[in-house]
Structure formats: C-alpha cells, structure tokens
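Asker: I need the structure of the sequence given here:
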Amino acid sequence: MPERWRRRLQPVAATPAQPTEAPPAPPEPVVSEPRDPRLPAPGTILRRTYEGTTHEVTVRADDFEYAGQPFRTLSAVARHITGTAWNGFTFFNLGKRASA
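Answerer: Down below sits the predicted model:
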C-alpha cells in the first residue's frame, strides 16, 4: 500500500468502530393456523374401506400419514387412494364444519 494511502487511512483506522445498524430482531414466533374442528386429535387413526381395501391414516399435529408417507391434507390422501378428487372430510366421513 502506498505511504500516501496509509497516512489518509490512519485517522479512520484509529477511531473505534461504531455500529451502523441495530442488532437483528429475534425471529417472530411461528403461529400455526387454527386447527379445523372436524379433525380428531393427533394420534387418531382414521379407517376407510374403499373398493374392498381398508385404508388407515394417522392424524398428526401438522399433517397426515398414510402408507408411511406424509400428506398435507386429507383430500390429498383421498386423491392418492382413489385417483380422483375428493373432499377429504367427506371421504373419511368427518362431518360438517362447526358454525363459528
């Protein structure tokens, strides 16, 4: 580095560093969507016989497990089982949503 640059940078290097930005805020807590009242408690096993085969789905806190695979919705499980679009609550006979 040339001597001229060192002389110009010396005052800057001698001053203590000042923080230029505030420390990052703590992350916002994750708020999950309210659970649908038609859903049974996590750990419940839903059974449905379809075309002579009994299918079991485990309700988990944030998803559903069928045949060792996670599914986001009951409708996705019903579609996987039947190959057609179904409302998951109707397919598993979980009734109507409670009125608010």
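Asker: name the SS class of the residue nearest the centre of the chain, please.
Answerer: The centroid of the chain falls nearest to residue 62 when counting by C-alpha atoms, centre = their mean (7.0 Å). Secondary structure, DSSP: H, G, I helix; E, B strand; the rest coil: residue 62 is coil.
Asker: let me know the pLDDT of it.
Answerer: Looking at residue 62, its pLDDT reads 89.
Asker: relative to residue 39, how far out is it?
Answerer: 11 Å (C-beta to C-beta, to the nearest Å). Any C-beta I mention is one placed from the backbone N, CA and C, and that applies to glycine too.
Asker: so how far is the top helix by length along the chain off the chain centroid?
Answerer: Of all the segments of type helix in the chain, defined by DSSP state H, the longest one is helix 3-14. Chain-centre distance of helix 3-14: 52 Å, with C-alpha atoms, centre = their mean, to the nearest Å.
Asker: pull the CA atoms of it into PDB?
Answerer: Extracted in PDB, the C-alpha atoms of helix 3-14 (Å, rounded to 0.1, in the frame of the first residue of the first chain):
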ATOM      1  CA  GLU A   3       2.500   5.600   2.100                       C
ATOM      2  CA  ARG A   4       0.200   8.400   1.000                       C
ATOM      3  CA  TRP A   5      -2.800   6.000   1.400                       C
ATOM      4  CA  ARG A   6      -1.600   4.800   4.800                       C
ATOM      5  CA  ARG A   7      -1.500   8.500   6.000                       C
ATOM      6  CA  ARG A   8      -5.000   9.100   4.700                       C
ATOM      7  CA  LEU A   9      -6.400   5.900   6.300                       C
ATOM      8  CA  GLN A  10      -4.600   6.300   9.600                       C
ATOM      9  CA  PRO A  11      -7.300   8.500  11.200                       C
ATOM     10  CA  VAL A  12     -10.000   6.200  10.100                       C
ATOM     11  CA  ALA A  13      -8.300   3.100  11.500                       C
ATOM     12  CA  ALA A  14      -7.600   4.800  14.800                       C
END
